[in-house]
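>>> Got a predicted structure plus its sequence, pasted below:
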Amino acid sequence: MRAACVAAVLFGVSASVAWADGLRPASALVYPIYISDPNFLTLVSVTNTSTAQTTRAVFSYVDAVQDPQNPLLPTDCRNYYRAETLTPADTITVLTRCHVAAQARGYLVVKAQDPQGTTWSHNHLVGSSLILNLGTGSLASHLPVPFESVLPEGTATDVDLDGRADFDGTEYEAFPADLQMDSFLAVANSRLTLAHLSQDHHAKVLVQLLIWNDNEFPLSAQFNFRCWFEAPLPFLSAAFTQNYLANNTPDDPAEFDVDCDGIGDFETGWARITGVVSTGGFQPRSNPPLLGAMSRGPLEAGRTLWGSHETVDGEL
């Protein structure tokens with residue numbers, strides 16, 4: 001009975017959360033996770049909601065080459081590019097293993113270009129992704145984070161002519177200054193994905209976690225990662241585990257009561273995620289831009305992380 005109740009609750013909260021000021025069509029979409037290997041398939045969909053204008057959608061894949069000894073520090077991050085033409089009201093769904101590589105995992109940025117290949121303001125792109133675990137048959141669906149161009153419709157976005165997309169309020173909206181993990185369940189093998197949105201894929205990012213348990217008791221942790229990772233929360237800190245929260249914090253004894261007997265059964269909490277500094281490669285940078293997602297188990301029941309209203313500049 002308890003297992004069935006837990007499963008029902010978990011799947012009931014699995015829908016992707018909305019971006020802080022609402023999801024709107026945009027000129028750039030950032031998908032925080034895709035995985036293509038013998039165990040997983042990822043389908044990425046992009047739609048041109050304009051019924052009058054053709055656009056190109058440029059897919060910029062960042063593939064984090066995994067280090068078996070440490071999932072937080074990939075040995076390399078490689079870029080792959082594909083472009084698709086979307087006529088008015090057109091939509092496309094691609095299988096990433098066919099689109100880019102049969103063995104790849106990381107994040108994806110899709111930007112709008114005019115039919116001649118110039119990146120432009122075209123706030124009409126929407127999309128989603130679906131990850132299928134071939135071993136278990138489970139699914140994780142994620143919504144991308146949309147970034148509108150702040151320029152007039154049809155305007156070339158590379159204002160400073162540096163060949164890069166500036167997420168600074170001049171070309172595109174800026175990145176959130178920190179992220180919020182709206183909730184985690186300590187016994188559900190919750191997993192975190194983070195991407196460092198930067199040209200400097202080899203920089204090492206120091207991340208600060210501010211964690212609150214179900215009784216508003218504060219905890220903290222830090223870790224370093226490079227480029228992109230997907231890992232279980234307990235790998236990052238014991239503060240995400242049932243044993244630690246139940247035995248080392250003043251938790252609320254009545255919270256997450258799955259059998260309605262007035263006694264809490266499982267530990268929960270939430271966390272704020274902030275990039276402190278990135279070092280290595282280019283110049284050190286404080287508060288580097290991050291985006292991410294959550295999932296349960298081996299990539300099940302996915303949802304995108306929330307972002308703060310405070311912003312930081314980024315460049316891709």
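Happy to help now that I have it.
>>> Going along the chain, name the strands of the stretch 51-200 of the chain.
Along the stretch 51-200 of the chain, counting by DSSP state E, counting those that start in this stretch, strands occupy 55-65, 76-86, 91-95, 104-113, 125-133, 139-142, 145-147, 166-167, 175-176, 179-185, 190-196.
>>> Dump those to CSV, plus mean pLDDT.
Formatted as CSV, the strands of the stretch 51-200 of the chain follow (pLDDT from 0 to 100):
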stretch, mean pLDDT
strand 55-65, 96
strand 76-86, 95
strand 91-95, 97
strand 104-113, 96
strand 125-133, 95
strand 139-142, 88
strand 145-147, 96
strand 166-167, 91
strand 175-176, 94
strand 179-185, 93
strand 190-196, 94
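>>> How much space separates the residue nearest to residue 231 when sequence neighbours are not counted from residue 193?
Nearest in space to residue 231, with sequence neighbours left out and distances taken as CB to CB, 6 or more residues apart in numbering, is residue 71 at 4.7 Å. No exception for glycine: its C-beta is placed from N, CA and C like everyone else's. Relative to residue 193, residue 71 is positioned 11 Å away (CB to CB, to the nearest Å).
>>> Residue 215 now?
Residue 215 is 27 Å from residue 193, by CB to CB.
>>> Ok, residue 29 next?
16 Å.
>>> what do you get for residue 291?
9 Å.
>>> Residue ranges in the stretch 101-250 of the chain under the pLDDT threshold?
Low-confidence segments of the stretch 101-250 of the chain (pLDDT under 70): 188.
>>> which residues touch residue 230?
The contact partners of residue 230, taken as CB atoms under 8 Å, 6 or more residues apart in numbering, are 33, 35, 71, 105, 191, 192, 193, 295, 299.
>>> mind checking pLDDT for the second one?
If I follow you right, that is residue 35. pLDDT for residue 35: 92.
>>> got it, and the third one?
pLDDT, the model's per-residue confidence, is 92 for residue 71.
>>> same question, residue 11
At residue 11, pLDDT is 34.
>>> And for residue 261?
81.
>>> sorry, back to before: quick one: common contacting residues for residue 291 and residue 193?
Counting by CB under 8 Å, 6+ apart, the residues touching both residue 291 and residue 193 are residue 32.
>>> Okay, and the beta partners of the residue nearest to residue 74 when sequence neighbours are not counted?
In space, and not counting its chain neighbours, residue 74 is closest to residue 64: 4.0 Å by CB to CB, 6+ apart. For residue 64, the beta-bridge partners under DSSP bridges are residue 77.
>>> ok, residue 64 touching residue 225?
No. Between residue 64 and residue 225 there is no contact under CB atoms under 8 Å: 9.7 Å.
>>> Checking my notes, residue 35 in a strand, right?
Yes. Judged by DSSP: H, G, I helix; E, B strand; the rest coil, residue 35 forms part of a strand.
>>> Provide the count of other residues in contact range of it.
As a burial measure, residue 35 scores 21 neighbours (other CB atoms under 10 Å).
>>> Kindly report the same for the one 4 residues further on.
The number of residues packed near residue 39 is 13, by other CB under 10 Å.
>>> got the contact list for it?
Contacts of residue 39 (CB under 8 Å, 6+ apart): 133, 134, 135.
>>> Equivalent analysis for residue 95, please.
Counting by CB under 8 Å, 6+ apart, residue 95 touches 36, 41, 42, 43.
>>> before we move on, back to that, and the residue nearest to residue 74, how far from residue 44?
Taking CB to CB, one finds residue 64 at 17 Å from residue 44.
>>> Which pLDDT value goes with residue 24?
Listed pLDDT for residue 24 reads 92.
>>> List the residues that contact the closest residue to it other than its chain neighbours.
In this structure, residue 24 finds its nearest non-sequential neighbour in residue 146, 6.1 Å apart by CB to CB, 6+ apart. Listed by CB under 8 Å, 6+ apart, the contact set of residue 146 reads 19, 23, 24, 25, 26, 28, 29, 125, 126.
>>> The residue lying closest to the fifth one once chain neighbours are set aside bridge partners, please.
Residue nearest to residue 26 in three dimensions, not counting chain neighbours: residue 146, with 3.5 Å by CB to CB, 6+ apart. On the basis of DSSP bridges, residue 146 is bridged to residue 29.
>>> And the helices in the stretch 201-316 of the chain?
Using DSSP state H, counting those that start in this stretch, the helices found in the stretch 201-316 of the chain span residues 233-236, 242-248.
>>> would you turn those into CSV with mean neighbour count?
What follows is the helices of the stretch 201-316 of the chain, written out as CSV (neighbours: other CB atoms under 10 Å):
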stretch, mean neighbour count
helix 233-236, 20
helix 242-248, 15
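>>> how close does residue 49 get to residue 42?
Distance from residue 49 to residue 42, counting by CB to CB: 22 Å.
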